[in-house]
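Asks: Here is a sequence together with a model predicted from it:
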Amino acid sequence: TLASQNSSASGLLRLDMTAVLSSFLEHFWCPEFWLPPGITWDDIRPDQDTGVNYPIFGDAFYAIPLAICMISIRFLVERTFLIPWGNWLGVGEISPPKSSIVPSPVINVELTNAYRKSGGKLAQDELESLSKRTDMDIRQIERWMRQTRAAFHKRSKLGKFCECGWRCICYTFSFSFGLFVMWDKPWFWDLKLCWYDYPHQCSKRCLVVLSLWRKLLLQFTPNQVFIDTKRKDFWEMLVHHVVTIFLIGFSWTCNLIRIGTVVLLVHDCADIFLEIDLLKGFLQFSCSLGSSPGSGFIHFMCFTVSYSTLPTSCPHFLPHFGCCGLLIILQILHVFWTYFVVKVVVNIFTSKREQFWSPDFWLPPGTSWEDVQPSEDKGLNYPNYKDAFYAIPLAICMVYIRRLVERTFLIKWGNWLGVGQKNPVKSNIAPPNEDLTQAYKKTGGRLRQDELESLSKRTDMDIRQLERWMRQTRADFRNQSKLTKFCECGWRCICYIFSFSFGLFVMWDKPWFWDLKHCWYDYPHHSVSNDVWWYYLFGGSYYCCLFITQAFIDAKRKDFWEMLVHHVVTIFLLGFSWICNLIRIGTFILILHDCADIFLEGMKMSLYANKDRLGERIFAVFILIWVVTRLVIYPFYVLHSFIFEAPKIMATFPAYWMLFGLLFVLQILHIFWTFFIVKAVIKICTASGKKVEDWFWSPDFWLPPGISWEFIEPNENKAVKYPNYKDVFYAIPLAICMICIRRLVERMFLIPLGQKLCVGQKNSTKSRISPPNHNEELLNAFKSSGGKLSQNELASLAKRTDMDTRRIERWMRQTRAVFHKQAKLTKFCECGWRCLCYTFSFTFGLFSVPDDVWWYYLFAGGYYCSLLLSLQFDAKRKDFWEMLLHHLVSILLLGFSWVCNFVRIGTVVLVLHDCVDIFLEVNDGGAKMSKYANNERLAEKIFAVFILLWIITRLGLYPFYVLHGIFFEAPKITNTAFPAFWLFGVWLLLLQFLHIFWTYFIIKIVLDIVLSGKTQDARSCSESLSEVSNDDNNPLPS
């Protein structure tokens, strides 16, 4: 009986325990806790035929055996790879002691126990007591302790090296795998998509990384206590891993996987650099890689992930707040570790401050910080690098000024213009409803039919009322967003107008504004005037203000990251140029960027204010200025000067090329934004429903009225052979081939001919110029000053090189002569190539045009395209921009005349130009080639023929025969009422303006001949050099 009572009691106890456990599990997995309101576990059951692969919470436990396997894999990797690699790299190696002490085993046990007890650091009384017990003197005991400490230190270093190596491998794999998985996911680029259509989402990337974190937890509980090396932040790291595991578990159970993947990926990218930095520390490298990526990671976590998980993002339910709490705990740990990062950075800068501010990096060779130190005694106002920090408080002030301007002016102006009030919804808005608001925030106001029906039941509203409520709410949000963006654009437009106006006022009288070579002359001894100082300070503070508002205040745009990179690059560019005193080129770049941004912001404001016609006109002006400043002047003038002109004038240094790298990044961004501009142009062109091709090739623009493309389409059955517009593009590959042919002709024929004619060797029979002996100091001084040194610079250079000033002057004259000879030979080859091409073109055009216009036109188009490309490599002339414009107009003129079948008048224009261009190159190539070959008598005769032909063709036949026929005779004979005809006439008229401009140079050359009796190229940038005395050929010391 007693046994039966005991068995029944134990059975009841088991039933009670089962009931309690089932009740606990039922309450624990309550959907009201884990899921959003209105969602049950059946709605997200994985075995449904909904097409959505929901996560199974039980899958999370697979991470535990996988973590145990990863521990075994870790030890295998350490034994087979990391330990041998560490030994090969010499991790923890110490120099062998001068004398080894090998005490007896008994004494060794005494010393070992004492070492373990005290860590090898014994007090004096302990040393004396140990000395008596071991019969060793104190000096021997201290030596033994040092050797033992060194051996333990070596083992400790190798162990830490293996730990960091394993973590680095895991983080690299996790980040690479995560990037591969996440790259095409939309929520990776916009975190708002983490909450749309929640909880009907899924991803399984968390599982692999969950195993990594569980493995780390196992490492930090049993293994770290007994195996791994203890760190200072042991408990913080333990809390971090526990929080991360709970975070991943919560997100997996609640299907908050999208935000979880972003958090993990962000962690992995920083931890890679942290472990690499620790590995480099074990290898005793000096630089640190961990701090820079870590700071960006902290900002990303703090302001992106945490912000996106605020309760406004998705419905309120408890695990969501739990995930927010775990993320906040992680952020507290990030702030804690930031303290250590700051300490490391401070230690690096304090211990290696001299290396960071090394003049070898920041300044040209031979220049020290004392040479450019601001001082009233020097007469030059050098920039002080500390002044750059004034931009930070001024930027914060500008943020508050912006708020004041928006509230007092821009918002009122936007309301007056009706910004965001286009097509208001006429129907009455439904009263505020919490369910409707939650549904709108969840879906953006775009609900499926089943969602509308479910919401209609909960709110007692019909579907039509719900749709009307959603439309009205979307309209309200859109109105608010438009007004906000209008205010942002208005503030930027005001700042750009002020910056451009102030910059134009400051820069107008500066020589480097008109010629960028003045940015490099006499560098780094450039004085900073007060107006330039204020202009630079305003530019730096404004871009700092833009960075703050773009990152944390303004509405997000599609090009958010590109704009952020642009602002960061601009801030670094201004800072670098201020420290290196490259302020002249910095001011030019600032004013170049500001002029286009004015019209960009004005266009956006017009569109937000529903002034579409005004916006399109401003957009047309913006495109013109954008192309001229960002795609022409910036790459072909600024970057060209950086790459080609500056190294010839001054000595370059590392900071200079780093500054060029930042400028190159800006150019890449310009090309990126040009893509968006082209898309906008295409959208405007296709607004009427036509395709871009149909709009561009409209016969109403290209052809006379009543003529279609089918009428002039090339066909063998037609008696007239019409041109095919696609043939125009053959000129591009032909231009590339002509550049290669030019290089071949120059090397095989023109350079030997120039050397045979002694080009660049004036009076070559009397004295030959021998190149000066190489001297690095003198060469740097020559590049910095162009060979023209002041008396103080000569004296300073004489002291450094142990040479007298007369020998330095002779060295400079010889070097100038050598450079002048090379420049003369280069220009001789350029003129020779053009002379050959014009001669062939004129001869071919004169005798073959009646039979084969196609080849003549193709050759002309390819030649002018090759001229346009080779402008970047040819010697720079004073009329560089005029020649660039001439080649562009000629290419457009050839293209227009071929497409519109104005081939006859086009061939006449080509022949007229070619005949005089032969003598322009035989005076730009004959008087120039003859002059470069020291045959001035021949040059003067050819120049006289050139003037006669120029007056007949360019000032006689072209305006009074060609242009008169275009504008007066053609309208009487044919129908010219189509835009392409008059645009063709504009190109021809623009060529005539260039002819008049070049006539001014010809008159200057004629006056030079009359006054001095010598021909000089008024367009050339080369300078006449003084005679090199016979004693310049004496050898100079190197």
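Replies: Cool, got the structure. Numbers count the residues shown, from 1 in each chain.
Asks: got the contact list for the closest residue to residue 186 other than its chain neighbours?
Replies: Ranked by Cβ to Cβ, 6 or more residues apart in numbering and with sequence neighbours excluded, the top spatial neighbour of residue 186 is residue 193, at 4.9 Å. Any C-beta I mention is one placed from the backbone N, CA and C, and that applies to glycine too. Residues near residue 193 by Cβ atoms under 8 Å, 6 or more residues apart in numbering: 186-187, 258.
Asks: Just give me the closest of those residues to residue 597.
Replies: Nearest to residue 597 among those is residue 186, at 30.3 Å by Cβ to Cβ.
Asks: Tell me how many other residues crowd residue 86.
Replies: Neighbourhood size, residue 86 [other Cβ atoms under 10 Å]: 23.
Asks: Ok, residue 1000 next?
Replies: Using other Cβ under 10 Å, residue 1000 has 9 other residues around it.
Asks: The spatially most central residue of the chain and residue 632: what is the separation?
Replies: Nearest residue to the geometric centre of the chain (Cα atoms, centre = their mean): residue 665, 2.9 Å. Applying Cβ to Cβ, to the nearest Å, the value for residue 665 to residue 632 is 19 Å.
Asks: Residue 536 too?
Replies: Taking Cβ to Cβ as the measure, residue 536 falls 25 Å from residue 632.
Asks: Which of these two has more residues huddled nearby?
Replies: Set side by side, residue 536 and residue 632 show more neighbours around residue 536, with 24 against 14, by other Cβ under 10 Å.
Asks: would you put the C-alpha positions of whatever helix or strand the more buried one lives in in PDB?
Replies: Under the criterion of DSSP states H and E, residue 536 resides in helix 530-552. Taking C-alpha atoms only, helix 530-552 is exported to PDB below (Å, rounded to 0.1, in the frame of the first residue of the first chain):
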ATOM      1  CA  ASN A 530      43.200  88.800 -45.300                       C
ATOM      2  CA  ASP A 531      40.500  88.500 -48.000                       C
ATOM      3  CA  VAL A 532      41.800  85.000 -49.100                       C
ATOM      4  CA  TRP A 533      42.000  84.000 -45.400                       C
ATOM      5  CA  TRP A 534      38.300  84.900 -44.800                       C
ATOM      6  CA  TYR A 535      37.300  83.200 -48.100                       C
ATOM      7  CA  TYR A 536      39.100  80.000 -47.200                       C
ATOM      8  CA  LEU A 537      37.600  80.100 -43.700                       C
ATOM      9  CA  PHE A 538      34.100  80.500 -45.000                       C
ATOM     10  CA  GLY A 539      34.600  77.700 -47.500                       C
ATOM     11  CA  GLY A 540      35.900  75.300 -44.900                       C
ATOM     12  CA  SER A 541      33.100  76.200 -42.300                       C
ATOM     13  CA  TYR A 542      30.400  75.900 -44.900                       C
ATOM     14  CA  TYR A 543      31.400  72.400 -46.000                       C
ATOM     15  CA  CYS A 544      31.700  71.400 -42.400                       C
ATOM     16  CA  CYS A 545      28.200  72.700 -41.900                       C
ATOM     17  CA  LEU A 546      27.000  70.800 -45.000                       C
ATOM     18  CA  PHE A 547      28.600  67.600 -43.600                       C
ATOM     19  CA  ILE A 548      26.800  68.000 -40.300                       C
ATOM     20  CA  THR A 549      23.400  68.800 -41.800                       C
ATOM     21  CA  GLN A 550      23.700  66.200 -44.600                       C
ATOM     22  CA  ALA A 551      24.500  63.400 -42.100                       C
ATOM     23  CA  PHE A 552      22.000  64.200 -39.300                       C
END
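Asks: That helix - what's its average pLDDT?
Replies: Helix 530-552 carries an average pLDDT of 88.
Asks: just to revisit the earlier point, for the residue nearest to residue 186, phi and psi?
Replies: Dihedral pair for residue 193: phi -70, psi -10, per degrees, to the nearest 10.
Asks: what's the burial count for residue 341?
Replies: When counting by other Cβ under 10 Å, one arrives at 18 neighbours for residue 341.
Asks: which helices and strands does the host helix or strand of it pack with?
Replies: Applying DSSP H and E as the criterion places residue 341 in helix 318-351. Packing contacts for helix 318-351, counted by 3 or more Cβ pairs under 8 Å, 6 or more residues apart in numbering; DSSP states H and E, involve helix 31-34, helix 234-253, helix 257-282, helix 291-300, helix 306-308.
Asks: helices or strands up against the longest one?
Replies: When you say that, I think you mean helix 257-282. On a contact count with 3+ Cβ pairs under 8 Å, 6+ apart, helix 257-282 meets helix 138-182, helix 186-189, helix 206-218, helix 234-253, helix 291-300, helix 318-351.
Asks: worst average pLDDT in these?
Replies: Ranked on mean pLDDT, the bottom entry among those is helix 291-300, at a mean of 40.
Asks: now the stretch 851-1000 of the chain, which segments are flagged as low pLDDT?
Replies: The stretch 851-1000 of the chain contains residues with pLDDT under 70 at 851, 872, 875-876, 878, 922-936.
Asks: all strands of the chain, in order?
Replies: In the chain, no strands are defined using DSSP state E.
Asks: Show me how the record splits it into domains.
Replies: The chain breaks down by automatic domain parsing into domains covering 57-88+159-356, 384-418+487-692, 430-476, 712-1012.
Asks: Residue 148: which of those domains is closest?
Replies: Across the domains of the chain, closest to residue 148 is domain 57-88+159-356 (Cβ to Cβ), at 16.5 Å.
Asks: ok, how many other residues are close to residue 489?
Replies: When counting by other Cβ under 10 Å, one arrives at 20 neighbours for residue 489.
Asks: and what of residue 948?
Replies: 12.
Asks: What residues sit buried inside the helix holding residue 536?
Replies: 531-533, 535-551 (16 or more other Cβ atoms under 10 Å).
Asks: Repeat that for stretch 403-422.
Replies: Using 16+ other Cβ under 10 Å as the test for burial, stretch 403-422 gives 405-406, 410-411, 413-414, 417, 419-420.
Asks: now do stretch 243-263
Replies: For stretch 243-263, the neighbour count (16+ other Cβ under 10 Å) marks 243-245, 247-263 as buried.
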